[in-house]
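Visitor: sequence and predicted structure below; questions after.
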Amino acid sequence: MSTTERRETVPNAAAPAASSQAVRETLEDYTLRFAPRGYRRWTPMVVATTALGGIAYMADFSIGAGIGLAHGTGNALVAIAVAAVVIFVTGFPLAYYGARYNIDLDLITRGSGFGYYGSVLTSVIFASFTFIFFALEGSIMAQGLKLGLGLPLWLGYAVSTLMVIPLVVYGMKALSRLQVWTTPVWLLLMVGPLVYLVAEDPGTVGRFLSYAGTDGDGAVNAASVMLGAGVCLSLIAQIGEQIDYLRFMPPRTEANKRAWWTAVVLAGPGWVLLGALKQAIGVFLAVYVLAEAGPAAAPEPIRQFRGAFEAMMPSWAVVPLAVVLVVISQIKINVTNAYSGSLAWTNAFTRVTRHYPGRMVFVLVNLAFALVLMEADMFSFLSGVLGFYSNCAIAWVVTVATDIGVNKYVLKLSPLRPEFRRGMLHPVNPVGVVSFVSASGLSIALYFHLFGDRLQPYSPVAAAVIAFVITPLAAVVTKGRYYLRRADDGIAEPLLDTDGNPSAITLDCHVCHQPYERPDLTACVAHAAVVCSLCLSTDKTGEHVLPATV
(Lines give C-alpha, C1' and ligand atoms only; values in the text may rest on other atoms or scores of the structure.)
Protein backbone atom coordinates (compact mmCIF):
# COMPACT_ATOMS: atom_id res chain seq x y z
CA MET A 1 0.00 0.00 0.00
CA SER A 2 1.38 3.43 -0.91
CA THR A 3 2.08 6.18 1.56
CA THR A 4 -0.79 8.23 0.15
CA GLU A 5 -3.24 5.34 0.48
CA ARG A 6 -2.16 4.62 4.04
CA ARG A 7 -2.51 8.26 5.01
CA GLU A 8 -6.08 8.37 3.73
CA THR A 9 -7.10 5.27 5.65
CA VAL A 10 -5.89 6.59 9.02
CA PRO A 11 -8.28 9.27 10.33
CA ASN A 12 -7.06 12.16 12.44
CA ALA A 13 -9.45 11.04 15.15
CA ALA A 14 -7.09 8.17 15.90
CA ALA A 15 -4.63 10.56 17.44
CA PRO A 16 -4.93 11.44 21.10
CA ALA A 17 -7.09 14.50 21.68
CA ALA A 18 -4.20 16.50 23.10
CA SER A 19 -2.18 16.20 19.90
CA SER A 20 -4.93 16.15 17.24
CA GLN A 21 -4.50 19.83 16.35
CA ALA A 22 -0.75 19.46 15.93
CA VAL A 23 -1.24 16.34 13.81
CA ARG A 24 -3.78 18.03 11.52
CA GLU A 25 -1.69 21.16 11.03
CA THR A 26 1.65 19.48 10.48
CA LEU A 27 0.15 17.01 8.01
CA GLU A 28 -1.15 19.89 5.89
CA ASP A 29 2.30 21.14 4.92
CA TYR A 30 4.61 19.21 7.26
CA THR A 31 5.41 22.08 9.57
CA LEU A 32 8.51 21.34 11.67
CA ARG A 33 9.19 18.00 10.02
CA PHE A 34 10.46 16.10 6.99
CA ALA A 35 8.22 16.41 3.90
CA PRO A 36 7.38 12.83 2.83
CA ARG A 37 7.41 11.45 -0.68
CA GLY A 38 3.69 10.66 -0.53
CA TYR A 39 2.92 14.37 -0.20
CA ARG A 40 5.41 15.67 -2.76
CA ARG A 41 3.32 15.21 -5.90
CA TRP A 42 4.46 18.33 -7.78
CA THR A 43 6.85 18.25 -10.73
CA PRO A 44 10.21 20.03 -10.38
CA MET A 45 9.05 22.89 -12.60
CA VAL A 46 5.84 23.46 -10.61
CA VAL A 47 7.86 23.65 -7.40
CA ALA A 48 10.34 26.03 -9.05
CA THR A 49 7.58 28.28 -10.42
CA THR A 50 5.94 28.42 -7.00
CA ALA A 51 9.24 29.24 -5.31
CA LEU A 52 10.13 31.95 -7.82
CA GLY A 53 6.65 33.44 -7.50
CA GLY A 54 7.55 34.34 -3.95
CA ILE A 55 10.27 36.76 -5.07
CA ALA A 56 7.84 39.09 -6.83
CA TYR A 57 8.38 41.60 -4.05
CA MET A 58 8.81 45.31 -4.79
CA ALA A 59 11.48 45.85 -2.12
CA ASP A 60 14.22 45.17 -4.67
CA PHE A 61 13.20 48.28 -6.59
CA SER A 62 13.42 50.37 -3.41
CA ILE A 63 16.72 48.81 -2.35
CA GLY A 64 18.34 49.39 -5.73
CA ALA A 65 16.93 52.92 -5.95
CA GLY A 66 18.20 53.85 -2.49
CA ILE A 67 21.72 52.64 -3.26
CA GLY A 68 21.78 54.26 -6.68
CA LEU A 69 20.47 57.65 -5.54
CA ALA A 70 23.01 57.77 -2.70
CA HIS A 71 26.14 56.39 -4.37
CA GLY A 72 25.53 56.66 -8.11
CA THR A 73 24.71 54.11 -10.77
CA GLY A 74 28.25 52.70 -11.11
CA ASN A 75 28.64 51.94 -7.41
CA ALA A 76 25.10 50.59 -7.24
CA LEU A 77 25.56 48.14 -10.12
CA VAL A 78 28.87 46.84 -8.74
CA ALA A 79 27.37 46.51 -5.24
CA ILE A 80 24.38 44.61 -6.63
CA ALA A 81 26.70 42.27 -8.56
CA VAL A 82 28.96 41.61 -5.55
CA ALA A 83 26.00 40.79 -3.33
CA ALA A 84 24.46 38.55 -6.01
CA VAL A 85 27.64 36.46 -6.29
CA VAL A 86 27.85 35.98 -2.51
CA ILE A 87 24.15 35.08 -2.27
CA PHE A 88 24.36 32.59 -5.15
CA VAL A 89 27.49 30.83 -3.86
CA THR A 90 26.22 30.52 -0.28
CA GLY A 91 22.68 29.64 -1.33
CA PHE A 92 23.60 26.71 -3.57
CA PRO A 93 24.54 24.12 -0.90
CA LEU A 94 21.56 25.11 1.24
CA ALA A 95 19.13 24.76 -1.66
CA TYR A 96 20.62 21.40 -2.63
CA TYR A 97 20.25 20.00 0.88
CA GLY A 98 16.69 21.29 1.21
CA ALA A 99 15.62 19.74 -2.10
CA ARG A 100 17.61 16.51 -1.74
CA TYR A 101 16.61 15.71 1.84
CA ASN A 102 13.21 17.48 1.90
CA ILE A 103 13.71 19.59 5.01
CA ASP A 104 13.58 23.32 5.59
CA LEU A 105 16.49 25.58 6.47
CA ASP A 106 15.91 25.34 10.22
CA LEU A 107 16.17 21.55 10.10
CA ILE A 108 19.27 21.84 7.89
CA THR A 109 20.82 24.31 10.36
CA ARG A 110 20.32 21.94 13.31
CA GLY A 111 22.56 19.29 11.79
CA SER A 112 24.98 21.72 10.12
CA GLY A 113 26.83 23.02 13.13
CA PHE A 114 24.20 24.38 15.53
CA GLY A 115 22.60 21.45 17.36
CA TYR A 116 18.99 20.80 18.33
CA TYR A 117 18.55 23.90 20.54
CA GLY A 118 21.41 25.98 19.14
CA SER A 119 19.49 26.62 15.92
CA VAL A 120 16.78 28.42 17.89
CA LEU A 121 19.06 31.46 17.47
CA THR A 122 18.85 31.26 13.71
CA SER A 123 15.11 30.53 13.73
CA VAL A 124 14.62 33.91 15.39
CA ILE A 125 16.95 35.55 12.84
CA PHE A 126 14.93 34.07 9.99
CA ALA A 127 11.61 34.98 11.57
CA SER A 128 12.92 38.56 11.91
CA PHE A 129 13.76 38.54 8.20
CA THR A 130 10.19 37.62 7.31
CA PHE A 131 8.48 40.32 9.35
CA ILE A 132 11.01 43.00 8.36
CA PHE A 133 10.34 42.33 4.69
CA PHE A 134 6.62 41.89 5.28
CA ALA A 135 6.65 45.39 6.77
CA LEU A 136 8.62 46.73 3.84
CA GLU A 137 6.25 45.21 1.27
CA GLY A 138 3.22 46.25 3.28
CA SER A 139 4.53 49.82 3.34
CA ILE A 140 4.92 49.75 -0.45
CA MET A 141 1.39 48.48 -0.87
CA ALA A 142 0.06 51.16 1.48
CA GLN A 143 1.79 53.78 -0.68
CA GLY A 144 -0.01 52.33 -3.70
CA LEU A 145 -3.40 52.31 -1.97
CA LYS A 146 -2.88 55.92 -0.91
CA LEU A 147 -2.06 56.98 -4.44
CA GLY A 148 -4.78 54.92 -6.11
CA LEU A 149 -7.63 54.96 -3.60
CA GLY A 150 -6.74 57.81 -1.28
CA LEU A 151 -6.46 55.53 1.77
CA PRO A 152 -4.42 57.01 4.63
CA LEU A 153 -1.17 55.15 5.20
CA TRP A 154 -2.18 53.76 8.60
CA LEU A 155 -5.25 52.14 7.06
CA GLY A 156 -3.23 50.86 4.12
CA TYR A 157 -0.82 49.21 6.55
CA ALA A 158 -3.73 47.41 8.23
CA VAL A 159 -5.28 46.33 4.92
CA SER A 160 -1.98 44.96 3.59
CA THR A 161 -1.55 42.97 6.80
CA LEU A 162 -5.03 41.54 7.21
CA MET A 163 -5.62 40.54 3.59
CA VAL A 164 -2.92 37.83 3.60
CA ILE A 165 -4.36 35.89 6.56
CA PRO A 166 -6.94 33.86 4.58
CA LEU A 167 -4.33 33.08 1.91
CA VAL A 168 -1.63 31.76 4.26
CA VAL A 169 -3.79 29.40 6.32
CA TYR A 170 -3.63 26.42 3.97
CA GLY A 171 0.10 26.07 3.33
CA MET A 172 1.79 24.77 0.19
CA LYS A 173 -1.32 23.68 -1.74
CA ALA A 174 -2.93 27.11 -1.73
CA LEU A 175 0.36 28.97 -2.19
CA SER A 176 1.33 26.94 -5.26
CA ARG A 177 -1.93 27.84 -7.03
CA LEU A 178 -1.63 31.53 -6.11
CA GLN A 179 1.97 31.84 -7.31
CA VAL A 180 1.50 29.97 -10.58
CA TRP A 181 -1.57 31.93 -11.71
CA THR A 182 -0.33 35.41 -10.76
CA THR A 183 3.24 35.18 -12.09
CA PRO A 184 2.50 35.86 -15.82
CA VAL A 185 0.50 39.02 -15.00
CA TRP A 186 3.22 40.25 -12.67
CA LEU A 187 5.98 39.67 -15.25
CA LEU A 188 4.07 41.50 -17.97
CA LEU A 189 3.40 44.54 -15.80
CA MET A 190 6.99 44.68 -14.53
CA VAL A 191 8.93 44.14 -17.76
CA GLY A 192 6.61 45.89 -20.23
CA PRO A 193 7.26 49.49 -19.10
CA LEU A 194 11.02 49.03 -18.98
CA VAL A 195 11.18 47.64 -22.53
CA TYR A 196 8.97 50.47 -23.79
CA LEU A 197 11.06 53.22 -22.16
CA VAL A 198 14.35 51.89 -23.52
CA ALA A 199 12.89 51.38 -27.01
CA GLU A 200 11.16 54.77 -27.22
CA ASP A 201 13.80 56.90 -25.51
CA PRO A 202 17.30 55.35 -25.68
CA GLY A 203 18.63 58.47 -23.95
CA THR A 204 17.20 57.16 -20.69
CA VAL A 205 19.96 54.53 -20.67
CA GLY A 206 22.69 57.17 -20.93
CA ARG A 207 21.18 59.29 -18.14
CA PHE A 208 20.89 56.16 -16.00
CA LEU A 209 24.51 55.10 -16.51
CA SER A 210 25.93 58.58 -15.91
CA TYR A 211 24.01 59.34 -12.72
CA ALA A 212 26.55 60.28 -10.01
CA GLY A 213 24.44 60.07 -6.86
CA THR A 214 24.09 62.50 -3.96
CA ASP A 215 27.01 61.22 -1.85
CA GLY A 216 29.80 61.17 -4.40
CA ASP A 217 31.10 62.09 -7.82
CA GLY A 218 29.95 58.92 -9.56
CA ALA A 219 33.35 57.20 -9.47
CA VAL A 220 33.33 53.59 -8.33
CA ASN A 221 35.00 53.19 -4.91
CA ALA A 222 35.26 50.32 -2.45
CA ALA A 223 33.52 52.04 0.47
CA SER A 224 30.42 52.93 -1.54
CA VAL A 225 30.29 49.48 -3.09
CA MET A 226 30.51 47.78 0.31
CA LEU A 227 27.85 50.03 1.83
CA GLY A 228 25.54 49.20 -1.05
CA ALA A 229 26.38 45.50 -1.01
CA GLY A 230 25.65 45.39 2.73
CA VAL A 231 22.10 46.55 2.10
CA CYS A 232 21.65 44.05 -0.76
CA LEU A 233 23.06 41.24 1.38
CA SER A 234 20.23 41.66 3.86
CA LEU A 235 18.35 39.53 1.32
CA ILE A 236 20.71 36.59 1.81
CA ALA A 237 18.16 34.97 4.15
CA GLN A 238 15.68 34.81 1.26
CA ILE A 239 17.15 31.38 0.54
CA GLY A 240 15.22 30.18 3.59
CA GLU A 241 11.92 31.08 1.94
CA GLN A 242 13.03 29.42 -1.29
CA ILE A 243 13.81 26.22 0.64
CA ASP A 244 10.36 26.30 2.25
CA TYR A 245 9.17 25.45 -1.27
CA LEU A 246 12.15 23.40 -2.48
CA ARG A 247 11.67 20.89 0.33
CA PHE A 248 8.67 19.66 -1.65
CA MET A 249 10.79 18.63 -4.64
CA PRO A 250 10.20 15.06 -5.89
CA PRO A 251 12.97 12.47 -5.48
CA ARG A 252 15.90 12.92 -7.85
CA THR A 253 16.12 10.02 -10.29
CA GLU A 254 17.91 9.26 -13.55
CA ALA A 255 14.72 10.10 -15.43
CA ASN A 256 14.19 13.56 -13.93
CA LYS A 257 17.68 14.62 -12.88
CA ARG A 258 18.04 17.34 -15.54
CA ALA A 259 14.70 18.94 -14.64
CA TRP A 260 15.46 18.42 -10.94
CA TRP A 261 18.82 20.22 -11.07
CA THR A 262 17.42 23.01 -13.25
CA ALA A 263 14.61 23.63 -10.78
CA VAL A 264 16.93 23.56 -7.76
CA VAL A 265 19.44 26.00 -9.26
CA LEU A 266 16.87 28.42 -10.68
CA ALA A 267 14.51 28.45 -7.71
CA GLY A 268 17.26 28.10 -5.11
CA PRO A 269 20.30 30.38 -5.46
CA GLY A 270 19.03 31.45 -8.91
CA TRP A 271 16.39 33.67 -7.30
CA VAL A 272 19.11 36.30 -6.87
CA LEU A 273 19.52 36.70 -10.64
CA LEU A 274 16.00 38.07 -10.91
CA GLY A 275 16.47 39.93 -7.64
CA ALA A 276 19.61 41.68 -8.89
CA LEU A 277 17.87 42.58 -12.15
CA LYS A 278 15.00 44.14 -10.20
CA GLN A 279 17.44 46.16 -8.10
CA ALA A 280 19.11 47.48 -11.25
CA ILE A 281 15.68 48.31 -12.69
CA GLY A 282 14.94 50.15 -9.44
CA VAL A 283 17.98 52.36 -10.01
CA PHE A 284 16.93 52.97 -13.63
CA LEU A 285 13.35 53.91 -12.74
CA ALA A 286 14.41 56.09 -9.79
CA VAL A 287 16.73 58.09 -12.07
CA TYR A 288 13.95 58.30 -14.66
CA VAL A 289 11.36 59.76 -12.24
CA LEU A 290 13.82 61.73 -10.07
CA ALA A 291 13.15 65.13 -11.63
CA GLU A 292 9.39 64.80 -11.25
CA ALA A 293 9.07 62.83 -8.00
CA GLY A 294 12.06 64.20 -6.08
CA PRO A 295 14.69 62.24 -4.11
CA ALA A 296 12.31 61.41 -1.24
CA ALA A 297 9.65 59.74 -3.41
CA ALA A 298 11.82 58.32 -6.21
CA PRO A 299 12.64 55.09 -4.27
CA GLU A 300 8.90 54.32 -3.90
CA PRO A 301 7.97 51.60 -6.45
CA ILE A 302 4.47 53.04 -6.91
CA ARG A 303 5.99 56.34 -8.06
CA GLN A 304 8.53 54.56 -10.26
CA PHE A 305 5.94 52.51 -12.15
CA ARG A 306 3.47 55.36 -12.29
CA GLY A 307 6.12 57.38 -14.11
CA ALA A 308 6.88 54.48 -16.46
CA PHE A 309 3.22 53.78 -17.24
CA GLU A 310 2.57 57.47 -17.95
CA ALA A 311 5.00 57.28 -20.87
CA MET A 312 3.23 54.39 -22.60
CA MET A 313 -0.53 54.47 -21.97
CA PRO A 314 -3.57 56.72 -21.50
CA SER A 315 -3.66 58.70 -18.26
CA TRP A 316 -6.82 57.00 -17.03
CA ALA A 317 -5.05 53.59 -16.99
CA VAL A 318 -1.81 54.68 -15.29
CA VAL A 319 -2.70 54.69 -11.61
CA PRO A 320 -4.97 51.59 -11.71
CA LEU A 321 -2.28 49.50 -13.41
CA ALA A 322 0.44 50.74 -11.05
CA VAL A 323 -1.76 49.86 -8.07
CA VAL A 324 -2.57 46.42 -9.52
CA LEU A 325 1.15 45.68 -9.96
CA VAL A 326 1.96 46.73 -6.41
CA VAL A 327 -0.95 44.78 -4.91
CA ILE A 328 -0.16 41.57 -6.85
CA SER A 329 3.51 41.82 -5.88
CA GLN A 330 2.71 42.44 -2.23
CA ILE A 331 0.31 39.51 -2.02
CA LYS A 332 2.73 37.13 -3.78
CA ILE A 333 5.58 37.83 -1.39
CA ASN A 334 3.75 38.51 1.84
CA VAL A 335 1.86 35.24 1.85
CA THR A 336 5.33 33.68 1.69
CA ASN A 337 6.67 35.98 4.42
CA ALA A 338 3.74 35.19 6.70
CA TYR A 339 3.96 31.45 5.96
CA SER A 340 7.73 31.11 6.39
CA GLY A 341 7.77 33.36 9.44
CA SER A 342 5.10 31.29 11.14
CA LEU A 343 7.16 28.13 10.52
CA ALA A 344 10.28 29.71 12.02
CA TRP A 345 8.52 31.02 15.13
CA THR A 346 6.67 27.72 15.65
CA ASN A 347 9.88 25.75 15.25
CA ALA A 348 11.69 27.79 17.89
CA PHE A 349 8.77 27.89 20.33
CA THR A 350 8.06 24.15 20.09
CA ARG A 351 11.65 23.19 20.79
CA VAL A 352 12.06 25.55 23.75
CA THR A 353 8.68 24.89 25.43
CA ARG A 354 8.00 21.37 24.08
CA HIS A 355 4.50 22.56 23.28
CA TYR A 356 2.97 23.01 19.82
CA PRO A 357 0.63 26.02 19.95
CA GLY A 358 -0.53 25.86 16.34
CA ARG A 359 1.01 27.65 13.36
CA MET A 360 -1.82 30.22 13.09
CA VAL A 361 -0.79 31.68 16.45
CA PHE A 362 2.56 32.64 14.98
CA VAL A 363 1.08 33.84 11.71
CA LEU A 364 -0.66 36.46 13.85
CA VAL A 365 2.48 37.12 15.93
CA ASN A 366 4.54 37.69 12.78
CA LEU A 367 1.91 39.99 11.31
CA ALA A 368 1.72 41.97 14.54
CA PHE A 369 5.48 42.61 14.49
CA ALA A 370 5.26 43.67 10.85
CA LEU A 371 2.35 46.03 11.52
CA VAL A 372 4.24 47.73 14.34
CA LEU A 373 7.21 48.32 12.02
CA MET A 374 4.94 49.74 9.34
CA GLU A 375 3.19 52.09 11.72
CA ALA A 376 6.65 53.22 12.91
CA ASP A 377 7.37 54.29 9.29
CA MET A 378 10.07 51.70 8.68
CA PHE A 379 10.26 52.70 5.01
CA SER A 380 11.87 56.02 5.88
CA PHE A 381 14.88 54.34 7.52
CA LEU A 382 15.02 51.32 5.23
CA SER A 383 18.77 51.26 4.48
CA GLY A 384 19.72 51.48 8.16
CA VAL A 385 17.47 48.57 9.16
CA LEU A 386 18.65 46.36 6.30
CA GLY A 387 22.33 47.26 6.72
CA PHE A 388 22.22 46.25 10.39
CA TYR A 389 20.19 43.09 9.80
CA SER A 390 22.46 41.88 7.00
CA ASN A 391 25.31 41.25 9.46
CA CYS A 392 23.31 38.61 11.34
CA ALA A 393 21.86 37.06 8.19
CA ILE A 394 25.27 36.78 6.49
CA ALA A 395 26.86 35.22 9.59
CA TRP A 396 24.14 32.56 9.74
CA VAL A 397 23.96 31.62 6.06
CA VAL A 398 27.74 31.60 5.53
CA THR A 399 28.20 29.43 8.63
CA VAL A 400 25.72 26.81 7.41
CA ALA A 401 26.98 26.93 3.82
CA THR A 402 30.58 26.52 5.01
CA ASP A 403 29.65 23.61 7.24
CA ILE A 404 28.03 21.87 4.27
CA GLY A 405 30.69 22.70 1.70
CA VAL A 406 33.85 22.44 3.83
CA ASN A 407 33.13 20.53 7.03
CA LYS A 408 31.04 17.84 5.33
CA TYR A 409 32.72 17.40 1.95
CA VAL A 410 36.33 18.53 2.51
CA LEU A 411 37.14 17.92 6.18
CA LYS A 412 34.53 15.16 6.56
CA LEU A 413 34.00 16.13 10.20
CA SER A 414 30.29 16.90 9.77
CA PRO A 415 27.92 14.04 8.80
CA LEU A 416 27.00 14.21 5.10
CA ARG A 417 23.33 13.43 5.73
CA PRO A 418 21.63 16.23 7.66
CA GLU A 419 20.16 15.22 11.01
CA PHE A 420 17.33 17.08 12.74
CA ARG A 421 15.61 14.70 15.16
CA ARG A 422 15.65 15.20 18.90
CA GLY A 423 17.87 12.66 20.62
CA MET A 424 20.09 12.28 17.58
CA LEU A 425 21.71 15.72 17.99
CA HIS A 426 23.53 17.38 20.86
CA PRO A 427 21.56 20.28 22.35
CA VAL A 428 24.22 22.78 21.24
CA ASN A 429 27.06 22.37 18.75
CA PRO A 430 29.81 24.98 19.35
CA VAL A 431 30.91 24.83 15.70
CA GLY A 432 27.98 26.79 14.35
CA VAL A 433 27.04 28.72 17.47
CA VAL A 434 30.54 30.09 18.10
CA SER A 435 31.00 30.94 14.44
CA PHE A 436 27.66 32.71 14.17
CA VAL A 437 28.01 34.66 17.42
CA SER A 438 31.58 35.71 16.61
CA ALA A 439 30.84 36.74 13.03
CA SER A 440 27.62 38.61 13.77
CA GLY A 441 28.96 40.24 16.94
CA LEU A 442 32.18 41.57 15.39
CA SER A 443 30.48 42.71 12.17
CA ILE A 444 27.78 44.57 14.14
CA ALA A 445 30.54 46.26 16.14
CA LEU A 446 32.08 47.36 12.84
CA TYR A 447 28.71 48.54 11.58
CA PHE A 448 28.28 50.81 14.62
CA HIS A 449 31.73 52.38 14.07
CA LEU A 450 33.33 50.74 17.14
CA PHE A 451 36.49 50.11 15.10
CA GLY A 452 36.48 53.47 13.34
CA ASP A 453 34.64 55.10 10.47
CA ARG A 454 36.88 53.76 7.72
CA LEU A 455 36.12 50.12 8.54
CA GLN A 456 32.36 50.60 9.00
CA PRO A 457 31.42 49.91 5.34
CA TYR A 458 33.16 46.55 5.49
CA SER A 459 30.98 44.98 8.19
CA PRO A 460 29.27 42.59 5.68
CA VAL A 461 32.68 41.42 4.46
CA ALA A 462 33.74 40.84 8.06
CA ALA A 463 30.60 38.79 8.77
CA ALA A 464 31.25 36.54 5.76
CA VAL A 465 35.01 36.12 6.27
CA ILE A 466 34.80 35.47 10.02
CA ALA A 467 32.05 32.86 9.56
CA PHE A 468 33.95 31.20 6.73
CA VAL A 469 37.15 30.94 8.79
CA ILE A 470 35.79 30.03 12.22
CA THR A 471 33.33 27.34 11.07
CA PRO A 472 35.96 24.84 9.84
CA LEU A 473 38.41 25.92 12.57
CA ALA A 474 35.85 25.12 15.28
CA ALA A 475 35.11 21.76 13.66
CA VAL A 476 38.82 20.88 13.68
CA VAL A 477 39.27 21.99 17.30
CA THR A 478 36.23 20.00 18.49
CA LYS A 479 37.08 17.09 16.12
CA GLY A 480 33.44 17.02 15.04
CA ARG A 481 32.29 15.29 18.23
CA TYR A 482 29.38 17.68 18.87
CA TYR A 483 27.46 16.93 15.67
CA LEU A 484 25.77 13.66 16.61
CA ARG A 485 24.61 12.56 20.05
CA ARG A 486 24.12 9.06 18.67
CA ALA A 487 24.73 7.54 15.23
CA ASP A 488 22.00 4.87 15.26
CA ASP A 489 18.29 5.79 15.43
CA GLY A 490 17.27 2.24 16.36
CA ILE A 491 15.24 1.47 13.22
CA ALA A 492 16.38 -1.45 11.06
CA GLU A 493 15.02 -0.15 7.74
CA PRO A 494 17.55 1.99 5.80
CA LEU A 495 17.11 5.75 5.92
CA LEU A 496 17.86 6.26 2.20
CA ASP A 497 16.76 4.27 -0.85
CA THR A 498 19.06 2.93 -3.55
CA ASP A 499 19.04 6.32 -5.37
CA GLY A 500 20.17 8.11 -2.21
CA ASN A 501 16.73 9.70 -1.66
CA PRO A 502 14.97 9.62 1.71
CA SER A 503 13.18 6.31 2.11
CA ALA A 504 9.40 6.11 1.48
CA ILE A 505 8.92 3.19 3.90
CA THR A 506 6.04 4.07 6.25
CA LEU A 507 5.71 3.23 9.95
CA ASP A 508 3.15 4.26 12.57
CA CYS A 509 4.09 6.57 15.44
CA HIS A 510 2.91 4.92 18.65
CA VAL A 511 2.23 8.29 20.34
CA CYS A 512 -0.06 10.01 17.79
CA HIS A 513 -0.90 6.80 15.84
CA GLN A 514 -0.24 8.39 12.46
CA PRO A 515 1.83 6.88 9.60
CA TYR A 516 5.09 8.67 8.76
CA GLU A 517 7.89 7.95 6.36
CA ARG A 518 11.13 6.50 7.70
CA PRO A 519 13.25 9.73 7.93
CA ASP A 520 10.73 11.34 10.30
CA LEU A 521 10.98 8.60 12.93
CA THR A 522 13.29 7.17 15.57
CA ALA A 523 12.96 4.15 17.83
CA CYS A 524 11.40 4.74 21.24
CA VAL A 525 13.54 4.09 24.28
CA ALA A 526 10.55 3.02 26.41
CA HIS A 527 8.57 0.88 23.93
CA ALA A 528 9.19 -1.55 21.09
CA ALA A 529 7.86 1.05 18.66
CA VAL A 530 8.79 4.23 16.78
CA VAL A 531 8.10 7.90 17.47
CA CYS A 532 7.70 10.76 14.99
CA SER A 533 9.84 13.89 15.17
CA LEU A 534 7.01 16.18 16.36
CA CYS A 535 6.02 13.86 19.20
CA LEU A 536 9.68 13.78 20.22
CA SER A 537 9.78 17.59 20.16
CA THR A 538 6.72 17.83 22.43
CA ASP A 539 7.81 15.06 24.81
CA LYS A 540 8.07 17.04 28.07
CA THR A 541 9.41 14.15 30.16
CA GLY A 542 11.88 12.79 27.63
CA GLU A 543 10.55 9.25 28.08
CA HIS A 544 10.65 8.55 24.32
CA VAL A 545 14.06 10.13 23.60
CA LEU A 546 16.92 7.74 22.82
CA PRO A 547 19.99 7.96 25.10
CA ALA A 548 23.36 9.27 23.94
CA THR A 549 25.85 6.76 22.58
CA VAL A 550 28.68 8.96 21.25
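Guide: Yes, it's here.

Visitor: which is the next helix or strand following the longest helix anywhere in the chain?
Guide: Across the chain, the longest stretch assigned as helix under DSSP state H is helix 315-353. Next helix or strand after helix 315-353 toward the C-terminus (DSSP states H and E): helix 359-375.

Visitor: what's that next one packed up against?
Guide: Helices and strands touching helix 359-375, by 3 or more Cβ pairs under 8 Å, 6 or more residues apart in numbering; DSSP states H and E, are helix 120-149, helix 153-162, helix 165-168, helix 315-353. In short, each C-beta sits where N, CA and C put it, glycine included.

Visitor: give me the contacts around that helix.
Guide: In this structure, residues lying in contact with helix 359-375 by Cβ atoms under 8 Å, 6 or more residues apart in numbering are 25, 31, 127, 130-132, 134-135, 138-139, 142, 154, 157-158, 160-162, 164-165, 168-169, 337-339, 341-343, 345-346, 349.

Visitor: please list only the buried members of the residues you listed.
Guide: 25, 31, 127, 130-132, 134-135, 138-139, 142, 157-158, 160-161, 164, 168-169, 337-339, 341-343, 345-346, 349 (16 or more other Cβ atoms under 10 Å).

Visitor: might one say that residue 149 is in contact with residue 322?
Guide: No. Counting by Cβ atoms under 8 Å, residue 149 sits too far from residue 322 to count as a contact (11.9 Å).

Visitor: higher neighbour count, these two?
Guide: Taking neighbours as other Cβ atoms under 10 Å, residue 149 and residue 322 compare with residue 322 leading, 25 against 12.

Visitor: and that one, what does it touch?
Guide: Residues near residue 322 by Cβ under 8 Å, 6+ apart: 144, 147-148, 302, 305-306, 309.

Visitor: returning to that earlier point: could you dump the helices and strands packed on helix 359-375 to a markdown table with distance to residue 268 and mean pLDDT?
Guide: What follows is the helices and strands packed on helix 359-375, written out as a markdown table (distance: least, Cβ to Cβ, whole Å; pLDDT from 0 to 100):
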| stretch | distance to residue 268 | mean pLDDT |
| --- | --- | --- |
| helix 120-149 | 16 | 87 |
| helix 153-162 | 28 | 89 |
| helix 165-168 | 22 | 72 |
| helix 315-353 | 15 | 83 |
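
Visitor: now the ones you listed in TSV, with distance to residue 287?
Guide: Listed next are those as TSV, based on distance: least, Cβ to Cβ, whole Å:
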stretch	distance to residue 287
helix 120-149	19
helix 153-162	26
helix 165-168	35
helix 315-353	18
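
Visitor: tell me where the stretch 1-150 of the chain has strands.
Guide: For the stretch 1-150 of the chain, no strands are identified by DSSP state E, counting those that start in this stretch.

Visitor: tell me the phi and psi of the spatially closest residue to residue 493 that is not a sequence neighbour?
Guide: Spatial nearest neighbour of residue 493, chain neighbours left out: residue 505 (5.0 Å); criterion: Cβ to Cβ, 6 or more residues apart in numbering. Backbone dihedrals for residue 505, given as degrees, to the nearest 10, come out at phi -60, psi 140.

Visitor: strands along the stretch 451-550 of the chain, start to end?
Guide: 506-508, 515-517, 521-523, 530-532.

Visitor: just those: most buried one?
Guide: Of all these, strand 530-532 has the most neighbours on average by mean count of other Cβ atoms under 10 Å, namely a mean of 26.

Visitor: picking up where we left off before, and the gap between the residue nearest to residue 493 and residue 37?
Guide: 10 Å (Cβ to Cβ, to the nearest Å).

Visitor: same question for residue 337.
Guide: 28 Å.

Visitor: likewise for residue 351?
Guide: Going from residue 351 to residue 37 by Cβ to Cβ gives 25 Å.
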